[in-house]
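> show me the folded form of this:
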Amino acid sequence: MQSADARALLRAMFDAAVAAAQPDRCLPFHLPPPPRGRLIVIGAGKGAAAMAQTVEDHYDCALSGLVVTPYGHAVSCKHIEVMQAAHPVPDENSLAAAEKLLACVRGLTQDDLVLCLISGGGSSLLCLPAEGLSLTDKRSLNEALLSSGAPIDEMNVVRRHLSRIKGGRLAAAAFPARVITLAISDVPGDFLPDIASGPTVGDPTTCADALAIINRYRISLPAAARHLLDSGAGESIKPDDPRLQGNEADLVATPLRALQAAASVAAKAGVAPLVLGDRIEGEAREVAKVMAGMALHAAHEPMAPRPCVFISGGETTVTLRGDGKGGRNVEFLLSLALSLHEARNIYALAADTDGVDGSQQVAGAFVTPETLSRARALALDARHALARNDAHSFFAALNDQIITGPTRTNVNDFRAILIT
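Model (predicted):
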């Protein structure tokens, strides 16, 4: 297989994974019948506006509501207001959107239905700090969590306990109306309280759990935040809370289904797909070393199917130590390239299905057997770039970035290693 063909196949697989999680494709089958009373549509996340548009396309009854999505992810809706706010660090619009969402669900009756559309990114888009905390406090905490190396589930435990809207609080505010949550999962294990920090589902974790995470990663907390966790005053809404009884939650798209869509593309091309799982976590550069070892084994093992492709998802982490911009997918790829030692016939793609890897408007990149030799020709030092967490600049110089723009969905990271 030529390099151009390998790249084309990897990109087709990634595109299939993203397409499988598009709201107009996965949401309609899960929509409930209209209620006797009002239909209020709310939501938050990278896919929230596209999900709201799909909802409008499939209901003939009157509806209203509000969703919040990152800047650049909005689409036009007729009856549902679309607000835009910052991601991954919240801004003033995040605060305004959270307050307005709470106002949307107050004063409802048991005949009313709240349809909540949740996708990845909602944690920063719905920022309503707990009593005594400011937006500046929450921004500082969010930045500290993002650079700490903590996995997403631990970050969301902390977020749920320092908020007035997350951790089931939005659903509690809607009581006695029934709440149905339809979610596009972007978290390993598809744990609903972790998707956008679970504003409409009960949270089994505690303030003590959040405090243990803060201490484990040595994250500095404002005095008011530490008091909320120490005293238990920041406790979230639990799954057995009477205000949540009768509510429902369903996953309309998941990382595993996206990986399976990519696997189908590979199989049709005559490449044996090996799905390693959708829950792979850990430091991106260390995960890459393990996967490089697997790829090298497959490349030299006579009994291994050839050609084949290792497909995986999940959410790795990057502990920022240098002055680069991070990006877990490009950091994974740079470490992978170094670990493959320019092995022939091994190609890779890693990208975030939302189109944004870390803080950069770049989904990910490609690695080929020529990546390191091309870098040397441009006087690029791959090891130095990795040490600085500067893989984005490295792949930009090689013109090997994958830039999609906002995909308006998010089913976490996509990684594919092709052995031809």
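
> output the lowest-mean-pLDDT helix or strand in the chain as PDB, nothing but the C-alphas.
Ranking every helix and strand in the chain by mean pLDDT, DSSP states H and E puts helix 135-148 at the bottom, with a mean of 88. Presented in PDB, the C-alpha positions along helix 135-148 are these (Å, rounded to 0.1, in the frame of the first residue of the first chain):
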ATOM      1  CA  LEU A 135     -15.900  32.900  37.700                       C
ATOM      2  CA  THR A 136     -12.200  33.700  38.100                       C
ATOM      3  CA  ASP A 137     -12.000  31.000  40.800                       C
ATOM      4  CA  LYS A 138     -13.600  28.500  38.400                       C
ATOM      5  CA  ARG A 139     -11.400  29.500  35.500                       C
ATOM      6  CA  SER A 140      -8.300  29.100  37.600                       C
ATOM      7  CA  LEU A 141      -9.400  25.700  38.800                       C
ATOM      8  CA  ASN A 142     -10.300  24.500  35.300                       C
ATOM      9  CA  GLU A 143      -6.900  25.500  34.000                       C
ATOM     10  CA  ALA A 144      -5.200  23.700  36.900                       C
ATOM     11  CA  LEU A 145      -7.300  20.600  36.300                       C
ATOM     12  CA  LEU A 146      -6.500  20.600  32.600                       C
ATOM     13  CA  SER A 147      -2.800  20.800  33.200                       C
ATOM     14  CA  SER A 148      -2.600  18.500  36.100                       C
END
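
> what distance separates that helix from the centre of its chain?
Distance of helix 135-148 from its chain centroid, counting by Cα atoms, centre = their mean, to the nearest Å, is 17 Å.

> and what of stretch 127-142?
With Cα atoms, centre = their mean, you get 21 Å for stretch 127-142.

> kindly report the same for stretch 53-60.
That offset, for stretch 53-60, works out to 25 Å (Cα atoms, centre = their mean).

> show me the beta-bridge partners of Leu66.
Ile42, Glu81 (DSSP bridges).

> is it true that it touches Ile42?
Yes: if you go by Cβ atoms under 8 Å, Leu66 and Ile42 touch, sitting 5.9 Å apart. Where C-beta positions appear, they are placed from N, C-alpha and C, glycine not excepted.

> so those two - more neighbours on which side?
Using other Cβ atoms under 10 Å as the criterion, Leu66 and Ile42 rank with Ile42 on top: 30 against 22.

> before we move on, the earlier item: what touches both of Leu66 and Ile42?
Here Leu66 and Ile42 have 101, 104 as joint contacts, going by Cβ atoms under 8 Å, 6 or more residues apart in numbering.

> in the least confident helix or strand of the chain, what's buried?
Residues 137-142, 144-148 are the ones in helix 135-148 that count as buried (16 or more other Cβ atoms under 10 Å).

> which stretches of the stretch 1-150 of the chain have low pLDDT?
For the stretch 1-150 of the chain, no stretch has pLDDT under 70.

> need the helices for it, in chain order.
In the stretch 1-150 of the chain, the helices defined using DSSP state H, counting those that start in this stretch lie at 3-20, 23-26, 48-58, 92-105, 122-125, 135-148.

> out of those, which gets nearest to Ala350?
Of all the helices of the stretch 1-150 of the chain, helix 3-20 sits nearest to Ala350, with 9.1 Å by Cβ to Cβ.

> buried stuff in that closest one?
Using 16+ other Cβ under 10 Å as the test for burial, helix 3-20 gives 6-7, 9-11, 13-20.

> could I get the helices of the stretch 1-150 of the chain as a markdown table with distance to His79?
Listed next are the helices of the stretch 1-150 of the chain as a markdown table, based on distance: least, Cβ to Cβ, whole Å:
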| stretch | distance to His79 |
| --- | --- |
| helix 3-20 | 27 |
| helix 23-26 | 16 |
| helix 48-58 | 6 |
| helix 92-105 | 13 |
| helix 122-125 | 20 |
| helix 135-148 | 30 |
